[in-house]
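Student: Let's see this in three dimensions:
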Amino acid sequence: MVKRSLTLKTDATTEPFDAAEFHVYGKIDENSEDSLLTEIITAVRMEGEGRTGRAFLQQTWSMVLSAFPGGPVFNPAAIGVSAGSVGSTTGLLEMRKDAIEIPRPPLQTLTFIKYVGADGTLTTLDPATYTIIRSDSGPARVYPNFGVTWPSARAQPDAVQLEFIAGYADAASLPKPLKLWMKAHILGIVENREAWTPGQPIQSLPWVDRTLDRYRIAAL
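Tutor: Predicted coordinates:
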């Protein structure tokens with residue numbers, strides 16, 4: 001089994017909305033606690049990302065694998081499909097078992113794939129040798145191109161190393177239901193802030209938490 005480790009390198013530099021926008025939603029007139037409110041906005045955004053498995057705004061992640069994924073590789077000739085059509089056909093690619101799955105959709109950029117060869121040399125794969133299939137409903141998938149296989153990597157925990165940028169392009173691109181989920185929970189914290197401390201799990205609000213259902217990504 002291929003083991004995976006995921007690390008957040010750089011978090012989002014902005015939030016889906018600022019304190020001023022939340023003032024309008026929460027009908028708050030004063031701004032004396034805006035510094036605390038800004039912390040709460042960040043905490044709730046991160047909670048929402050954890051619950052959905054998504055990146056709400058652009059952030060940089062690193063992922064290491066203990067090996068390249070393997071398994072049966074789809075043979076297009078078996079069903080009468082020409083080799084030249086495979087690289088551009090999403091449905092056929094998804095039948096393959098050698099995909100690298102990249103979590104935290106939506107994927108913006110795959111910065112690099114590197115691997116440690118048998119001699120210990122760290123090598124960067126040529127992007128022209130693989131295909132990226134993006135999806136808003138699940139992880140992006142990376143496949144070696146037709147006629148190409150993943151190279152042999154040394155047996156070690158970080159044999160394959162990736163860096164990628166995930167998250168919606170900007171606050172305007174984040175789906176409105178996710179913003180409303182955040183605002184509802186922030187309001188609940190603000191109204192009961194004496195009972196909340198940073199790092200503490202936020203309370204469940206069943207009536208609003210159901211809005212996350214269509215955005216949840218199954219755990220990899």
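Student: where does the protein have low pLDDT?
Tutor: Within the chain, the ranges that satisfy pLDDT under 70 run 71-95, 194-201, 219-220.
Student: Tell me where it has helices.
Tutor: Assigned by DSSP state H, the helices in the chain fall at 19-26, 34-52, 90-93, 176-191, 206-209.
Student: what's the closest of the ones you listed to residue 100?
Tutor: Ranking the helices of the chain by proximity to residue 100 (CB to CB) places helix 90-93 first, at 12.2 Å. (Glycine included, C-beta is placed from N, CA and C.)
Student: one step back: dump the helices of the chain to TSV, plus mean neighbour count and distance to residue 155.
Tutor: Compiled in TSV, the helices of the chain are given as follows (neighbours: other CB atoms under 10 Å; distance: least, CB to CB, whole Å):
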stretch	mean neighbour count	distance to residue 155
helix 19-26	15	50
helix 34-52	17	32
helix 90-93	13	27
helix 176-191	18	40
helix 206-209	12	43
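Student: Including distance to residue 5, could those helices go into TSV?
Tutor: Supplementary listing: these in TSV, determined by distance: least, CB to CB, whole Å:
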stretch	distance to residue 5
helix 19-26	35
helix 34-52	17
helix 90-93	25
helix 176-191	27
helix 206-209	29
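Student: Figure out which of those is closest to residue 217.
Tutor: Of all these, it is helix 34-52 that lies closest to residue 217, at 6.4 Å by CB to CB.
Student: centre of the chain versus that closest one, how much separation?
Tutor: For helix 34-52, the separation from the chain centroid amounts to 17 Å (computed by CA atoms, centre = their mean, to the nearest Å).
Student: go on, stretch 57-76?
Tutor: Mean C-alpha position of stretch 57-76 versus that of the full chain (CA atoms, centre = their mean) differs by 13 Å.
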